[in-house]
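Enquirer: Generate coordinates for the sequence data below:
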Amino acid sequence: MVEAGREAAEEGIAVSRSLERANRLSANRLEAALGERAGGPDLFKIATLLNTLLLGRAVSAYAGASQVPWVDRKDFLASVQEKDKIGSGLSAGQMKTTVRLP
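Expert: Below you'll find the model as predicted:
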């Protein structure tokens, strides 16, 4: 039993190191793409968030969850506005949100 626990811990450490490396590589690529506009340590946080979202989506797809978070761009923007209203306590008439997507 002890050996199995040790192997699980070693696997956890290996996965953690791999994810850390992936986050560093993503941050480096973001920095290269953004050039002088790079945000320093914030790029690592952005890369970590991006990789977390991608990993979560992959796990969701692998688990068979066939939910699509948004049907289209309009649906996405409506959900952003709704979450913003809930978070800020503003009514729809008081809120102005600008989101630019490629």
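Enquirer: can you list contacts of the helix or strand containing residue 51?
Expert: Per DSSP states H and E, residue 51 falls inside helix 41-62. Outside helix 41-62, the residues that touch it by C-beta atoms under 8 Å, 6 or more residues apart in numbering are 19, 22-24, 26-27, 30-31, 34, 39, 67. Every C-beta, even on glycine, is put in place using the N, C-alpha and C of the backbone.
Enquirer: give me the number of residues near residue 43?
Expert: Residues near residue 43, counting by other C-beta atoms under 10 Å, number 19.
Enquirer: Tell me how far residue 24 lies from residue 12.
Expert: 19 Å (C-beta to C-beta, to the nearest Å).
Enquirer: So those two - more neighbours on which side?
Expert: Just comparing residue 24 and residue 12: by other C-beta under 10 Å the higher neighbour count belongs to residue 24, 13 against 10.
Enquirer: So which residues of this structure form helices?
Expert: 2-34, 41-62, 73-88 (DSSP state H).
Enquirer: Turn these into TSV, including mean pLDDT.
Expert: Shown next, in TSV, are those (pLDDT from 0 to 100):
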stretch	mean pLDDT
helix 2-34	85
helix 41-62	85
helix 73-88	69
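Enquirer: Give the buried residues for the helix holding residue 51.
Expert: Neighbour-count burial for helix 41-62, with 16 or more other C-beta atoms under 10 Å as criterion, is recorded at 43-44, 46-48, 51.
Enquirer: tell me the angle of that helix relative to helix 2-34?
Expert: 120 degrees (axes from the mean of the first three to the mean of the last three C-alpha atoms, to 10 degrees).
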